[in-house]
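Colleague: Kindly return the folded structure for what I paste below:
(one chain, ligands or ions: 1)
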Amino acid sequence: MGQVAQKGGQPQISLTNRNLEKDERDKRYHGFMQLALNIVILTFVFVFGAVIASFLNVLIYRIPLKLDFMRGFSFCPSCRHRLGPLDLVPIVSYLALGRACRYCHEPISPRYLVIELAGGLLALACWLAFIGPDLLATETPFLLANPRFLGAFAPIGAAVLYFFVLSLLLVISCIDADTMEIPDGLNIALALCGLLSILVGPELVWHSRLIGLFIISVPLFVIALIIPGAFGGGDVKLMAAAGILLGWQATLLACFIGIILGGAWGIFLLATHRKEAKGHFAFGPALCTGIAVALFFAPQIIQWYLGFF
Ligand SMILES: [Zn+2]
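Modeller: Residues are numbered from 1 along each chain as shown. Have a look, this model is predicted:
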């Protein structure tokens with residue numbers, strides 16, 4: 001009997017030990033798989049952003065030339081040679097081709113690379129802001145079994161919408177810098193994003209958006225009438241569209257940031273003799289930066305500011 005008990009007892013202890021070890025190994029394995037999965041997802045998000053941004057490069061080039069941007073092959077702006085799939089891999093092609101066209105060897109503007117990198121980083125920023133670095137730890141994984149399945153789409157919808165807004169701001173900035181004009185279509189698209197944002201940000205009430213529509217655009221319009229050339233019509237429409245998106249407080253903040261950045265840029269241009277005192281420069285990029293900052297950080301910045309009173 002004693003022998004049996006001894007035989008039965010010892011394996012039991014080592015079995016528990018083995019179970020603990022197995023648990024430990026399982027836990028480490030799951031942690032590793034979770035980390036690997038998150039790295040794969042974040043990489044995918046970055047690549048997705050860079051691919052979209054390479055299309056934004058097409059928009060920036062073609063919209064001012066009134067070329068069809070939905071159809072037609074990509075071509076080298078210098079020699080017009082049609083680009084093959086290997087020439088069109090975001091970021092990689094630019095670096096692999098030695099920053100020059102494969103066919104005519106004309107240098108390619110580094111702006112293409114900067115915009116593709118920016119697209120990737122902005123997509124990551126939107127993902128991290130709304131979904132977070134660990135998809136599995138959030139309460140909103142893409143599981144069909146999740147009873148809050150539809151609710152799970154709210155953060156994803158917000159991330160996609162914000163990325164779309166940032167993409168638009170990037171395109172508006174570059175086109176305004178190139179041509180000193182903001183195409184109406186882009187401002188209309190921004191206004192539509194503002195209306196769509198009611199779905200993902202219902203806490204921003206409609207009357208704040210309505211006041212936002214006028215609070216900066218009307219004063220800018222009046223200034224543009226009194227001092228011709230101070231602001232373009234594109235800037236006025238841009239701030240009206242941003243008002244719908246941001247609500248009135250954040251629109252004031254966006255304009256304030258824009259004026260500071262634009263003023264600093266103007267002083268820089270004057271100091272380095274790149275522009276004469278009467279020369280105009282595009283204000284859109286500064287306003288767009290202000291809108292982007294306000295979009296993400298307005299509540300924190302406004303709270304920080306009110307803390308002084
Ligand atoms: Zn070429």
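Colleague: pretty sure Gly119 contacts Ser167?
Modeller: Yes. With contacts counted by CB atoms under 8 Å, Gly119 reaches Ser167, the gap being 7.0 Å. Where C-beta positions appear, they are placed from N, C-alpha and C, glycine not excepted.
Colleague: Shouldn't Arg80 be within a strand?
Modeller: No. Going by DSSP: H, G, I helix; E, B strand; the rest coil, the assignment for Arg80 is coil, not a strand.
Colleague: do you know how far it is from Glu106?
Modeller: 11 Å (CB to CB, to the nearest Å).
Colleague: the more surrounded of these two?
Modeller: Glu106 (12 against 9; other CB atoms under 10 Å).
Colleague: Enumerate the residues of the stretch 51-200 of the chain near the ion.
Modeller: Cys76, Ser78, Cys79, Cys101, Tyr103, Cys104 (CB under 5 Å from the ion).
Colleague: List the contacts of the second one.
Modeller: Looking back up the chat, that one is Ser78. Cys101, Cys104, Glu106 (CB atoms under 8 Å, 6 or more residues apart in numbering).
Colleague: One more: Arg99?
Modeller: Counting by CB under 8 Å, 6+ apart, Arg99 touches Pro107, Ile108, Pro110, Leu113.
Colleague: Those, buried ones only, as a ChimeraX selection?
Modeller: The ChimeraX selection below is limited to those of the contacts of Arg99 classed as buried (16 or more other CB atoms under 10 Å):
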select :108,113
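Colleague: Distance to Thr43 and pLDDT added to the contacts of Arg99, as a markdown table?
Modeller: Putting the contacts of Arg99 into a markdown table (distance: CB to CB, whole Å; pLDDT from 0 to 100) gives the following:
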| residue | distance to Thr43 | pLDDT |
| --- | --- | --- |
| Pro107 | 29 | 91 |
| Ile108 | 25 | 89 |
| Pro110 | 23 | 92 |
| Leu113 | 18 | 94 |
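Colleague: Return the member of the contacts of Arg99 nearest to the ion.
Modeller: The ion has its nearest neighbour among the contacts of Arg99 in Ile108, at 8.3 Å by CB to the ion.
Colleague: Might one say that that closest one is in contact with Ala96?
Modeller: No. Between Ile108 and Ala96 there is no contact under CB under 8 Å: 11.6 Å.
Colleague: Turn the contacts of Ser78 into CSV, columns for pLDDT, secondary structure and distance to Leu59.
Modeller: Putting the contacts of Ser78 into CSV (pLDDT from 0 to 100; DSSP: H, G, I helix; E, B strand; the rest coil; distance: CB to CB, whole Å) gives the following:
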residue, pLDDT, secondary structure, distance to Leu59
Cys101, 91, coil, 20
Cys104, 93, coil, 23
Glu106, 92, coil, 21
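Colleague: picking up where we left off before, if you count what's nearby, which of Gly119 and Ser167 comes out ahead?
Modeller: Gly119 (28 against 24).
Colleague: Please name the residues that touch the more buried one.
Modeller: Gly119 neighbours (CB under 8 Å, 6+ apart): Gly49, Ala50, Val51, Ile52, Ala53, Ser54, Leu56, Pro90, Ser167, Leu170.
Colleague: which SSE is the residue nearest to it when sequence neighbours are not counted in?
Modeller: Distance criterion CB to CB, 6 or more residues apart in numbering; nearest residue to Gly119, sequence neighbours excluded, is Ala53 at 2.3 Å. Here Ala53 sits within helix 2-62, counting by DSSP states H and E.
Colleague: Past that helix, which element shows up next along the chain?
Modeller: Taking DSSP H and E, what comes next after helix 2-62 is helix 92-96.
Colleague: any idea of the mean pLDDT in that next one?
Modeller: In this model, helix 92-96 has an average pLDDT of 90.
Colleague: Pull out the buried residues from it.
Modeller: Ser93, Tyr94.
Colleague: Give me the angle between the helix or strand following that helix and helix 2-62.
Modeller: The first helix or strand that comes after helix 92-96 along the chain, using DSSP H and E, is helix 110-130. Using axes from the mean of the first three to the mean of the last three CA atoms, to 10 degrees, the direction of helix 110-130 lies 140 degrees away from that of helix 2-62.
Colleague: Alright, calling it a day.
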